[in-house]
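Student: Below: sequence and its predicted model.
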Amino acid sequence: MTASTLDEQRAELSAEFPGWTIVYTRPAGRVRWWATRGLVRERMDERGGFTTWSAEDLRRRLRGAAGNRRPMSAR
């Protein structure tokens, strides 16, 4: 995957989830995605940060995070 494609995916995630900082790294040739919001690393937990191996997995996890859930439709 090219850097420009990764940058485009990062920009889409950042636009979809304002308030989260989205970054990617490339350890050992793989792409690793990170999302954090408002917490220092020493106090980070599942409410303030995620790490995944794909942009789509990160998107799914962010959608399920507290404060990012879509309202339930009325039945």
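Tutor: On my side now, so go ahead. Residues are numbered from 1 along each chain as shown.

Student: can you pull the buried residues of the least confident helix or strand in the chain by mean pLDDT?
Tutor: When each helix and strand of the chain is scored by mean pLDDT, DSSP states H and E, strand 49-52 comes last, with a mean of 89. Within strand 49-52, the residues that count as buried by 16 or more other Cβ atoms under 10 Å are 49, 50, 52. Glycine gets a C-beta too; all of them are placed from N, C-alpha and C.

Student: Could you dump those into a markdown table and include distance to residue 27?
Tutor: Conversion of the buried residues of strand 49-52 to a markdown table gives the following (distance: Cβ to Cβ, whole Å):
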| residue | distance to residue 27 |
| --- | --- |
| 49 | 17 |
| 50 | 16 |
| 52 | 13 |
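
Student: Pairing partners for the least confident helix or strand of the chain, with directions?
Tutor: strand 32-36 (antiparallel) (DSSP bridges).

Student: what does the partner strand contact?
Tutor: With contact meaning Cβ atoms under 8 Å, 6 or more residues apart in numbering, strand 32-36 is reached by 13, 17, 20-26, 44, 48-55, 57-58, 61-62.

Student: For ChimeraX, what selects the buried ones among these?
Tutor: The ChimeraX selection below is limited to those of these classed as buried (16+ other Cβ under 10 Å):
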select :13,17,20,22,24,48,49,50,52,55,58,61,62
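
Student: From the contacts of strand 32-36, which land in helices?
Tutor: 13, 55, 57, 58, 61, 62 (DSSP state H).

Student: Now for the last one: which residues touch it?
Tutor: Contacts here follow Cβ under 8 Å, 6+ apart; on that basis residue 62 touches 13, 16, 17, 20, 35, 50, 68.

Student: tell me which of those residues is nearest to residue 1?
Tutor: Of all these, residue 13 has the smallest distance to residue 1: 14.5 Å, by Cβ to Cβ.

Student: how about the closest one, what does it touch?
Tutor: Per Cβ under 8 Å, 6+ apart, neighbours of residue 13: 20, 22, 35, 55, 58, 59, 62.

Student: can you put the contacts of residue 62 in a markdown table and add distance to residue 1?
Tutor: Output for the contacts of residue 62, formatted as a markdown table (distance: Cβ to Cβ, whole Å):
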| residue | distance to residue 1 |
| --- | --- |
| 13 | 14 |
| 16 | 19 |
| 17 | 20 |
| 20 | 21 |
| 35 | 18 |
| 50 | 19 |
| 68 | 25 |
